[in-house]
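Trainee: I'll drop the sequence and a predicted model, then ask my questions.
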Amino acid sequence: MVHLIMSRRTGAGALLLLAFFLIGDPACDDQDADGILDSQDNCMQDPNPDQADQDSDGIGDVCDTCPAFADPSQTDSDSDGVGDLCDNCPQVPNALQEDEDLDGTGDACEAKVLPILNPVRSPTRLAMDSAGNIYHTDPVVGSIFIYDASLKLVGELSGLDRPLGIVVDPGGNIYVGNDGRDNVEVYSQAGVKLKVIDGGNIRMPNDLVLDARGNLYVVDSLESTIRIYDATGTLLRNIGHPGEGDGGLRFPVAVLVDERDVEKGEVLVADQGNALVQVFDLEGAFLRSFGGPVPAFSEDWQGKFVKLQGISMDSQGRLHALDCFMNRIQILDAEQGTYVDAYGEFGTEAGKLNLPLDLLISSGGAVIVANSGNRRIEAIYSVQ
């Protein structure tokens, strides 16, 4: 212990001396006790008396998240302790850097065949990734089934709870709405759960879509609204509200974001309860609607719906609207809903429809349908 007796005359000088003894001179600190003063140490928290710095970025190798490549900013997007410049999977935490096939891409990021454990029972919602692979949810089995571009079944992501809506982002991450968990979960191609969005608050995540900015649109059918989340999973706003009339929704089932016009995108909603396609701007303001209810087997069905279940847009900007009760898909003008054509009919044979629950249109124009009643997905039409 240091004892310092001061008179009033010693004043400020004595106080400085006292501070020196009690606090110490920062210029002489050596936090890691490696014999290198902090003011000269390139890694103050970890002992490194040799001061090795192979990439010469001013950060000692024992502290450097990527000692082989200079990166003074020490960027580590997934916070796994491995800097992005060295990380074989920089967006998914993988501190061990496992790479079974030694191809330079970490196992956590790499698509691998997930074993097929169950038969397909009820294909419900569809998605396509950037490579043309097809995914569909099966709420009866509790799985996502994965197909290659030729529609050959290649994998299954199991262990879900009544999965409904599904979408795949440009990086291959799989977003799925779990009706049994009231949330959206995100999985890597290897089946690793990456995050949960709004757990317990989405009562029926019936359909999912991502826009060009990475915002996630979730159709919550039981709440009769469309929830929009940013890339971090933060809720931005809702589109629509329960009810009838302009912007009123009654059990919406599907959503589509039309961003062909970069100046003004539109959000199209399949409103099953009101038998309408409702159109909003990207901020949620109501623009227009078209369609309307029609009795089953009516001869006056063009442009109207018995049970609207899904919508998709082709390369010509025309809307393909799926009526699951009538086993029919109508082609409509997306601006006013004017009837153009129709295809599909009931049956169990190849190319026929039996309780279809979703559709998507590939880049090549193939219309692929989740044919739930026939327990399969198939291409039934080619857009001309």
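Mentor: Thanks, I have the structure now.

Trainee: which parts of this structure are helices?
Mentor: With helices called from DSSP state H, the chain shows them at 11-23.

Trainee: which residues sit in contact with the nearest residue in space to residue 166 that is not next to it in sequence?
Mentor: Of all residues not flanking residue 166 in the chain, residue 127 sits nearest, at 4.5 Å (C-beta to C-beta, 6 or more residues apart in numbering). Every C-beta, even on glycine, is put in place using the N, C-alpha and C of the backbone. For residue 127, the contact set (C-beta atoms under 8 Å, 6 or more residues apart in numbering) comprises 134-136, 166-168, 174, 208, 360.

Trainee: from residue 183, how far off is residue 127?
Mentor: Residue 127 sits 17 Å away from residue 183, going by C-beta to C-beta, to the nearest Å.

Trainee: what count of nearby residues applies to residue 95?
Mentor: Applying other C-beta atoms under 10 Å, we find 12 residues neighbouring residue 95.

Trainee: doesn't residue 186 make contact with residue 195?
Mentor: Yes - contact criterion C-beta atoms under 8 Å: residue 195 and residue 186 qualify, at 4.9 Å.

Trainee: and the residue nearest the centre of the chain, what are its bridge partners?
Mentor: Nearest to the mean C-alpha position of the chain, by C-alpha atoms, centre = their mean, lies residue 175 at 4.4 Å. For residue 175, the residues forming beta bridges with it (DSSP bridges) are residue 167, residue 186.

Trainee: thought it was touching residue 209?
Mentor: No - the pair residue 175 / residue 209 is not scored as a contact, 9.4 Å apart, by C-beta under 8 Å.

Trainee: what residues do these two have in common as contacts?
Mentor: Common neighbours of residue 175 and residue 209 (C-beta under 8 Å, 6+ apart) are 167, 216.

Trainee: which residues does residue 63 contact?
Mentor: Going by C-beta under 8 Å, 6+ apart, residue 63 touches 42-43, 45-46, 48.

Trainee: do residue 353 as well
Mentor: 327-328, 344-347, 369, 371, 373-374, 380.

Trainee: what's around the residue lying closest to residue 130 once chain neighbours are set aside, how many residues?
Mentor: Nearest non-adjacent residue to residue 130, counting by C-beta to C-beta, 6+ apart: residue 170, 5.8 Å away. Counted with other C-beta under 10 Å, residues neighbouring residue 170 total 10.

Trainee: and residue 83, what does it touch?
Mentor: If you count contacts by C-beta under 8 Å, 6+ apart, residue 83 has them with 64-66, 69, 71, 74-76.

Trainee: can we see that at 10 Å?
Mentor: 59, 64-69, 71, 73-77, 90 (C-beta atoms under 10 Å, 6 or more residues apart in numbering).

Trainee: which one (most neighbours) among these?
Mentor: Counting neighbours by other C-beta under 10 Å, the top entry in the contacts of residue 83 is residue 64, with 24 neighbours.

Trainee: can you report phi and psi for it?
Mentor: Residue 64 adopts backbone torsions of phi -80, psi 130, taken as degrees, to the nearest 10.

Trainee: for it, give me the pLDDT.
Mentor: Per-residue pLDDT puts residue 64 at 86.

Trainee: what's the answer for residue 170, then?
Mentor: Per-residue confidence (pLDDT) for residue 170: 96.

Trainee: and residue 72, by the same measure?
Mentor: We have a pLDDT of 85 for residue 72.

Trainee: out of the contacts of residue 83, who's nearest residue 282?
Mentor: Lowest distance from residue 282 to the contacts of residue 83 (C-beta to C-beta) belongs to residue 77, with 27.4 Å.

Trainee: residues in contact with the closest one?
Mentor: 83-84, 87, 90-93.

Trainee: nearest to residue 158 among these?
Mentor: Nearest to residue 158 among the contacts of residue 77, with distances taken as C-beta to C-beta, is residue 92, at 20.1 Å.

Trainee: could you find the closest non-adjacent residue to that closest one?
Mentor: Nearest one to residue 92, counting by C-beta to C-beta, 6+ apart, is residue 108 at 4.3 Å.

Trainee: next up, phi/psi of that neighbour, please.
Mentor: Residue torsions, per degrees, to the nearest 10, at residue 108 are phi -70, psi -20.

Trainee: surely it and residue 171 touch.
Mentor: No - checked against C-beta atoms under 10 Å, the pair residue 108 and residue 171 is beyond contact range at 11.8 Å.

Trainee: identify the contacts common to these two.
Mentor: 91-92, 188-189.

Trainee: need those residues in JSON lines (columns: distance to residue 101, pLDDT and neighbour count).
Mentor: Listed next are the shared contacts of residue 108 and residue 171 as JSON lines, based on distance: C-beta to C-beta, whole Å; pLDDT from 0 to 100; neighbours: other C-beta atoms under 10 Å:
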{"residue": "91", "distance to residue 101": "19", "pLDDT": "74", "neighbour count": "16"}
{"residue": "92", "distance to residue 101": "17", "pLDDT": "78", "neighbour count": "22"}
{"residue": "188", "distance to residue 101": "16", "pLDDT": "94", "neighbour count": "23"}
{"residue": "189", "distance to residue 101": "14", "pLDDT": "91", "neighbour count": "23"}
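
Trainee: which ones among those residues map onto strands?
Mentor: Judged by DSSP state E, these include no members of strands.

Trainee: farthest-separated two in those residues?
Mentor: Farthest-apart pair in those is 91 and 189; separation 11.7 Å (C-beta to C-beta).

Trainee: common neighbours of those two, please.
Mentor: Listed as contacting both residue 91 and residue 189 by C-beta under 10 Å, 6+ apart are 108-109, 171, 173.
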